[in-house]
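Trainee: Kindly generate the corresponding structure for this input.
(chains A, B and C)
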Amino acid sequence: MQINSPNFKARSTAEIANTGLQKALVRTRPRFPAARAAAVEKLPEFEQLRDIGRDIKNHTLANLDFYLETWERNVLNAGGHVHWASTAEDARKIVLDICQRVGAKTVTKGKSMISEELSINEHLEKHGITPVETDLGEYILQIRKEAPSHIIAPAFHLNREDWEESFRKVHTDLPADRTFNERRDILIEARTRLREKFLAADVGITGANFLIAETGSNVIVTNEGNGDLTQTLPKVHIVLASIEKVVPTLEDACNMLRLLARSATGQDMSVYTTFSTGARRPGDLDGPEEYHVVVVDNGRSAMIGTEFQEMLRCIRCAACMNHCPVYQTVGGHSYGWVYPGPMGSVLTPSLIGVDKAGHLPNASTFCGKCESVCPVKIPLPKLMRHWREREFERHLQPMGVRTNLALWAFVAKRPGLYRLATRIAAKGLALLAGRKGRFSSLPFAGGWTKGRELPAPEGDTFFARYAKQQRGEA
Amino acid sequence: MTQPASRPRVALFVTCLVDMQRPSVGFAAIKLLEAAGCDVEVPRAQTCCGQPAYNSGDRATAADLARGIVEAFSGYDYVVVPSGSCGGMLNSHMPHLFDNDPNMKARAQALADKTFELMSFLVDERGMTEFGAQFDGSVTYHDSCAGLRELDVKTQPRELLANVEGLSLVEMKEPEICCGFGGTFCVKYPDISTRMVSDKVADIVSTGAGTLLAGDMGCLLNMAGRLQREGHGVKVRHIAEVLAGMTGELPAIGEGSAS
Amino acid sequence: MSRDAIFSAIRRGLRRGELPADQTLGLYARLNAHPRHLIPARSRLPHPQQVDLFLRNLEKEFGTYNRVMRARDVPAAIADYLASQNLPTEMAIAPHPELRAIDWSSRPMITLREGRAEASDLVAVQHGYAAIAETGTLMLPASPQRPTTLNLLCDTEIVVLRASRVVGAMEEAWDMLRYEREGMVAGNFLPRNVMFVTGPSRSADIESTLELGAHGPRRLHVVLIDDTAG
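Mentor: Numbering: from 1, shown residues only, chains lettered A, B, ... in the order given. Down below sits the predicted model:
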């Protein structure tokens, strides 16, 4: 996907003024947190499950080579194929080769964020193969040529009229009297159109929520059933999975599944949780004849052994963005690449470089809500702070920021000088504000006063008044 | 009100914003701590907890400041901070600045272990339930993020407010959502911050409360500034001012002396 | 090439070479033992209550059910359900011995076609392998007798399930499958595909509001045979 993260600030400002998005945010904002809270309340063991989830992922990452090799062996035993891709380019080539070898004309796709990361669709199109997104949200976005704005609710930012407008534009054979007054009408239109695509597709591409080493399986979790139709009907099923998706056993997967849906949508379990292991077996009446898994690194192995290794525990539930006050203000497109919200603010700099994604870990108040809901307890604020440290070390921040910080540090390290400087500032500002007690604008404080009054100091500093009091003067 | 037998020596960590913006909160804290049976001292050598550096990625400066803090504050029984944010810096973050220096880390950890945010210290450590304060009117209370999530400050301020004569607490719909201050965030991303604080202000105003309270000057300045910019008459104060009975003589934040 | 590069990068990050044999043995032991983690207390119930919990959770997830006493009551239950929903009586049915053993002739209106589901089928009858009380989930492993398309292609999916096959937690369902497919190639006791199905298909992609029947079945109906009673 094209990288727009350097423009985060301008994009977020535009999105704050985008009335359609803001309408969608107001609608969606309370729903996910309320649903999660209700699901968690009904499962008293949830906190323990989070600890176990964190430990399972940590154990797996510490032995990642072993579990990937074990998983690979079991895929091969089950008659599947495994392809390793260091880069996005490698992955695109592998996928295209498979599609071309079987003479694919159309490819259906289940919802997959890594597919966005790898720009699979653009690559297939360039070579004359038609990819069809089948998740409802992804389908409308493909029509609109938009990127997902959320990792599990990709089109939450659209309103009903947007759906209708897009359908009328591309489904040109619609009867004139066809109405889209209800959400149900939209759903039926999409279902009908996509059913034809499912039946015609030569290859189905899905992502993977988990890989299971013990059995050589991949797991996908969906509510619509589109992922299952994608991987069941065509002759060939291709799974795209990044290296950190593996867990050791089915029992480990059970624990992760108890966390995933509750954290994501507040369901106890998503509708379809499907474990696929290899291709159609002798006697089977349906299922793909070929099963391929493309295992993608694309920057992740470089995170191992660094402070960002913890990010590889992420199970992509979206709880962090659902609860993030910044994401809930600016929406997902502001972030300018595949992964928005707090998890993106940590992962994106790892994958595309902090020089391009520098805004993301800075655009956080460190309120800590994301960490408090993360099912695998990733310390997201701490990791964002580590990115700020990398930026500081590499002198990536604007010169002005650095100079101010250095000046402030010089004073703050010298209590005597600090006392003097704060006293001059406090008294000066109090005097300047006069009886009004606040400023509506002030040179050098434009960032603050653009949207707020600046309350003036009371008068003299605490330390000056306290010293007077101690001397018996006050 | 029972006074615990021993009188611990408590060092007040004033914080930059209280020092410069709202000294009365410091005096309120001293008054409350003394009422809770503590001997309060204010170490002269303190400046800032180092968060501006720490959160800007400048660990070295944060560690330098932390060394000074450990030096100045280690000799006391407790360190109390009238801010969850600065309290969280001392309590949860400072030891990690010395992950490569076991000796310093142990000292920072020892300090962290006896550092408390003001409200939680008064209730959890000193068993206080009231200070005999009086306040006529309805208030709403914002849970500042660091106090809430790093230091578990949630019930303590409400417990103390419940025993202020004449005060009624009206909860806002989402008291735990960030107000958008975020230290340097509010000036680095003013548009996002303004949008966030506007949502917070709408929540505050819809309670109909006459006064907004919280335990962190940063959030208070942010919310006061936006309330005033939007022309709302809600008064904004640090909770310590109310508990210390200072509201009579002290104008609310950003209100000046004209009234 | 990529494979080697990825594995060496992982090991470089972990600051080690290939795992030493003793550690590998420990990891194999963990795989072979596949230890259970914490199983939530909600499903730790006597079996009859597990069955009730399964049905309650199924309903919570917008599924429906009938309970019947004997397998021979299944055709009537299905016919009644179809009539109540105003659905056609032609069905694709799983070629499973348990379903074949049912005498369908008592309901001559019902037309059955054994096999996988085709695009034109409106109603599917599937054989339920097991069900998980914890979440109201059906476990449907693919096999020649239990085609996957029956779970997906029709507007209505009817699952015939014996009450004795209801277990408390997911782990118990896996154990059942492991036990019954013993003797399969080690590590590959799983069939091509195992679906956990929890209610009918749905989507909240349109204005974050739930609609049933996205791509898969709009209706999920369970006919539960009380084979544990008496």
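
Trainee: Quick check: which ranges of chain C have low pLDDT?
Mentor: C:183-187, C:229-230 (pLDDT under 70).

Trainee: try 90 this time
Mentor: In the predicted model of chain C, residues C:1, C:106-109, C:179-189, C:208, C:228-230 satisfy pLDDT under 90.

Trainee: For it, which segments count as helices?
Mentor: C:2-13, C:21-33, C:47-60, C:74-84, C:97-100, C:170-180 (DSSP state H).

Trainee: Contacts only, for the closest residue to residue B:241 other than its chain neighbours.
Mentor: Nearest non-adjacent residue to residue B:241, counting by C-beta to C-beta, 6 or more residues apart in numbering or on different chains: residue B:28, 5.2 Å away. To be clear about C-beta, it is placed using only N, CA and C from the backbone, and glycine gets the same treatment. By C-beta atoms under 8 Å, 6 or more residues apart in numbering or on different chains, the residues touching residue B:28 are B:82, B:238, B:240, B:241, B:243, B:244, B:246.

Trainee: Narrow those residues to those in strands?
Mentor: Using DSSP state E, the members of these that fall in strands are residue B:238.

Trainee: can you redo the contacts of residue B:28 as a markdown table with pLDDT and neighbour count?
Mentor: Formatted as a markdown table, the contacts of residue B:28 follow (pLDDT from 0 to 100; neighbours: other C-beta atoms under 10 Å in any protein chain shown):
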| residue | pLDDT | neighbour count |
| --- | --- | --- |
| B:82 | 98 | 30 |
| B:238 | 98 | 31 |
| B:240 | 98 | 29 |
| B:241 | 98 | 22 |
| B:243 | 98 | 30 |
| B:244 | 98 | 21 |
| B:246 | 96 | 18 |
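
Trainee: Look at the residue positioned nearest the centre of chain B and report its pLDDT.
Mentor: Centroid check for chain B by C-alpha atoms, centre = their mean gives residue B:83 as the closest residue, at 2.2 Å. Residue B:83 carries a pLDDT value of 98.

Trainee: got a list of what it touches?
Mentor: Contacts of residue B:83 by C-beta under 8 Å, 6+ apart are B:15, B:17, B:18, B:117, B:118, B:144, B:147, B:215, B:216, B:217, B:218.

Trainee: at 6 Å instead, please
Mentor: B:15, B:216 (C-beta atoms under 6 Å, 6 or more residues apart in numbering or on different chains).

Trainee: Could you find the closest non-adjacent residue to the residue minimising distance to the centre of chain C?
Mentor: Central residue of chain C (C-alpha atoms, centre = their mean): residue C:139, 2.0 Å from the mean position. Distances taken as C-beta to C-beta, 6+ apart place residue C:130 nearest to residue C:139, at 4.3 Å, with adjacent residues excluded.

Trainee: And residue B:196, by the same measure?
Mentor: Residue B:196 sits nearest to residue B:180 (C-beta to C-beta, 6+ apart), 2.9 Å away.

Trainee: what number of residues lie near that neighbour?
Mentor: Other residues within reach of residue B:180 by the criterion other C-beta atoms under 10 Å in any protein chain shown amount to 30.

Trainee: same deal with residue A:199?
Mentor: Neighbour count for residue A:199, taken as other C-beta under 10 Å: 14.

Trainee: Following the strand of greatest length in chain B in sequence, what is the next regular element?
Mentor: In chain B, ranked by residue count with DSSP E as the criterion, the top strand is strand B:134-141. Downstream of strand B:134-141, the next assigned helix or strand under DSSP states H and E is helix B:145-151.

Trainee: For that following helix, which outside residues touch it?
Mentor: Outside helix B:145-151, the residues touching it (C-beta under 6 Å, 6+ apart) are A:367-368, A:372, B:84-85, B:87-88, B:92, B:117, B:153-154, B:178, B:215.

Trainee: try 7 Å
Mentor: With contact meaning C-beta atoms under 7 Å, 6 or more residues apart in numbering or on different chains, helix B:145-151 is reached by A:365, A:367-368, A:372, B:84-85, B:87-88, B:91-92, B:117, B:120, B:153-154, B:176, B:178, B:215-216.

Trainee: So which of these belong to helices?
Mentor: Per DSSP H, these map to helices at A:372, B:84, B:85, B:87, B:88, B:120.

Trainee: so the residue nearest to the centre of chain C bridges to which residues?
Mentor: The partner list for residue C:139 in beta bridges (DSSP bridges) reads residue C:130, residue C:196.

Trainee: dump the residue contacts of it.
Mentor: C:129, C:130, C:131, C:132, C:173, C:194, C:196.

Trainee: what does residue A:373 give?
Mentor: Counting by C-beta under 7 Å, 6+ apart, residue A:373 has contacts A:36, A:263, A:319, A:320, A:323.

Trainee: Strands of chain A, start to end?
Mentor: Under DSSP E, chain A gives strands at A:81-85, A:106-109, A:130-133, A:203-206, A:210-212, A:217-222, A:236-242, A:246-247, A:272-276, A:290-296, A:438-439, A:454-455.

Trainee: could you dump these to TSV with mean neighbour count, distance to residue C:180 and mean pLDDT?
Mentor: Shown next, in TSV, are the strands of chain A (neighbours: other C-beta atoms under 10 Å in any protein chain shown; distance: least, C-beta to C-beta, whole Å; pLDDT from 0 to 100):
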stretch	mean neighbour count	distance to residue C:180	mean pLDDT
strand A:81-85	20	28	98
strand A:106-109	24	33	98
strand A:130-133	21	38	98
strand A:203-206	28	28	98
strand A:210-212	25	19	98
strand A:217-222	26	18	98
strand A:236-242	26	26	98
strand A:246-247	26	24	98
strand A:272-276	26	16	98
strand A:290-296	24	23	98
strand A:438-439	20	75	94
strand A:454-455	24	71	96
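
Trainee: Of those strands, which is nearest chain B?
Mentor: Each of the strands of chain A has some distance to chain B by C-beta to the nearest C-beta; the shortest is strand A:454-455, at 3.2 Å.

Trainee: for the closest one, packing partners?
Mentor: With contacts taken as 3 or more C-beta pairs under 7 Å, 6 or more residues apart in numbering or on different chains; DSSP states H and E, strand A:454-455 sits against strand A:438-439, helix B:217-229.

Trainee: chain center to that strand: distance?
Mentor: 36 Å (C-alpha atoms, centre = their mean, to the nearest Å).
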